[in-house]
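1. Just to be clear, the model below is a prediction. Sequence and coordinates:
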Amino acid sequence: AKTTVNERTENIPIYECQRETPLQHHNEHITHALEILAKEADFRNDDINYSRALAFRRAACVFKCLPSRVEGVQEIQSLHNIGSHVKRIVEDILDNGYSSEAEKTENNDWFKTMMTFTGVFGVGPAIADKWYRLGLRTIEDLKIEQTLPNKDERISTGLTFHDDLTLPVLRSEAEALADLIRCELDTIDPQYQLVVTGGFRRGKDCGHDVDILLTHPVEGKEKGILEDLLHRLDRQGRLIYGKREQSTWNDGVLQGENIKGQYLKSTLDHFEKWIGIMKLDKKCRQCCLNYGLNSNEKQQELLHSSLDMKKVSHLRPDTMSHMDPKNNSTKRKCPSSSSEDRGTNDRTWYARRVDLIVTPTSQFYYALVGWTGSKHFNRSLRLYAQKELHMKLTSHALYDTTKKHLIPANSEQEVFKNLHLRYLEPVERNC
Ligand code: DCP
Ligand code: MG
């Protein structure tokens, strides 16, 4: 007899960080609706809606880790994190093929405008909402309006390069960028390490930016690398815009912060970093569009050239999903040919969002977990550490609040071990 989802999922652990959440899952029909509603709650930008957004996301995460497609409401009765509102939404989807609530939200003028405006580099929900109230609706409206409140250099640059920046960054572009930076680092000191983190490390084929973590095996030697690197990239004419933030870390930061405070909501860290926009040759994208035609070896080579294997051989993301024939039919949220056309102009490059983060080697593996994400996975890890272990986890360290000391980690596996969690590969952290 066919086992029901219930029978197979009764023992799903409560915390997302205790479960495997793959990139491709069986319940897109449900998670899509829940994520729209979560997004809408996020846009409302207050405490009540923060909790609502979280409830939708936590529910979506449960559906992402189910072993099969949910076909009937009875299958979800015993699942965690599924409240009455979510049940109604799921019922609606199962009865009618879609969620009328999510559809209504998607067609709502305010929501659509918020989606558009928050898609501009430098614009959050508060500014987007302000613009909406001024009657502005489109990117063209924003470009024409010279006296936008809160418009700063970052937003102006975001508007100028909006077409480029909303064209998803492909994996090959992330790799080309990493190669480029790797080259510069090698000429400075070959001991510098870099790793591409964020969604790409979790196996995504594309993303909104490239997140790169930099470190040096000798503690302290990481200082100054960013300035040197940016100077070199600037000389090559690669930098369009960027803001360098100094490290605000000190040993008191962790202990001094209120454990019940804001840190679960905001995952801001104290690393020295550069948040900016770089030029990347269009041809880097071209080679990626032919990616599916590349051989396995070619992919391995691309991967190894951009992810440093000397220190962190286990960091390689499982990108072979590209090549897995089983996955060929799965939906990719990657650019279509029409979005490719949008960016057509005389330039030989695309503007790409890049985050460069510098970490001391002693904090590297906590930083790696934090910057690999997903955002929701981090939240779950931190909540779990706090509630179950009375420990405080950040992208810098793990702090035992009872024994009042930091717990070091020399590998990503050790981070999980310190948290008494089973190790999850980056590709299993897609909640
Ligand atoms: N991060 C976080 N909280 C934030 C911002 C970032 O925990 N407020 C962590 C988790 C993210 C990682 O940093 O996975 C990289 O941030 P991105 O916003 O770039 O997220 P992704 O790389 O996952 O998404 P995308 O593929 O769209 O770039
Ligand atoms: Mg990213």
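-> Thanks, I have it. Ligands and ions are numbered 1, 2, ... in the order given.
2. Hmm, L159 is touching V120, no?
-> Yes - between L159 and V120 there is a contact at 6.1 Å, judged by Cβ atoms under 8 Å. In this view, the C-beta of every residue, glycine as well, is placed from N, C-alpha and C.
3. Specify which residue of these two has the higher count of neighbours.
-> For L159 and V120, the more surrounded residue by other Cβ atoms under 10 Å is V120, and the numbers stand at 23 against 20.
4. Which of the helices and strands in the chain ranks last by mean pLDDT?
-> helix 296-306 (a mean of 41; mean pLDDT, DSSP states H and E).
5. thinking again about what came up before, hey, what's in contact with both of L159 and V120?
-> Among the neighbours of L159, those also in contact with V120 (Cβ atoms under 8 Å, 6 or more residues apart in numbering) are I139, L142.
6. neighbours of the residue of the stretch 1-150 of the chain found nearest ligand 2, just the number please.
-> In the stretch 1-150 of the chain, the residue that lies nearest ligand 2 is F121 (12.9 Å; Cβ to the ion). By other Cβ under 10 Å, 23 other residues sit near F121.
7. what do you get for L185?
-> Residues contacting L185 under the criterion other Cβ under 10 Å number 21.
8. What separation do you get for it and G224?
-> Going from L185 to G224 by Cβ to Cβ, to the nearest Å gives 12 Å.
9. For the stretch 201-350 of the chain, which residues are neighbours of ligand 2?
-> Neighbours of ligand 2 within the stretch 201-350 of the chain, by Cβ under 5 Å from the ion: G207, D209, D211.
10. let's go with 8 Å and repeat that
-> G207, H208, D209, V210, D211 (Cβ under 8 Å from the ion).
11. Up against ligand 1, what does this structure have?
-> By Cβ under 6 Å from any ligand atom, the residues of the chain that approach ligand 1 are 198-199, 204, 207-209, 211, 267, 370-371, 373-375, 378.
12. Mind checking which of those residues land in helices?
-> The members of the residues of the chain next to ligand 1 that map onto helices under DSSP state H are G198, G199, G370, W371, K375, N378.
13. ok, of these, which come out buried?
-> Those of these that meet the buried threshold are G198, G199, G370, W371, N378, by 16 or more other Cβ atoms under 10 Å.
14. so the third one makes contact with N378?
-> Yes - contact status for G370 versus N378: in contact at 6.0 Å, counting by Cβ under 8 Å.
15. Now do the contacts for the residue in the chain that ligand 2 sits nearest to.
-> Closest contact between the chain and ligand 2, by Cβ to the ion, is at G198 (3.1 Å). G198 is in contact with G207, D209, V210, D211, D355, W371, T372, G373, counting by Cβ under 8 Å, 6+ apart.
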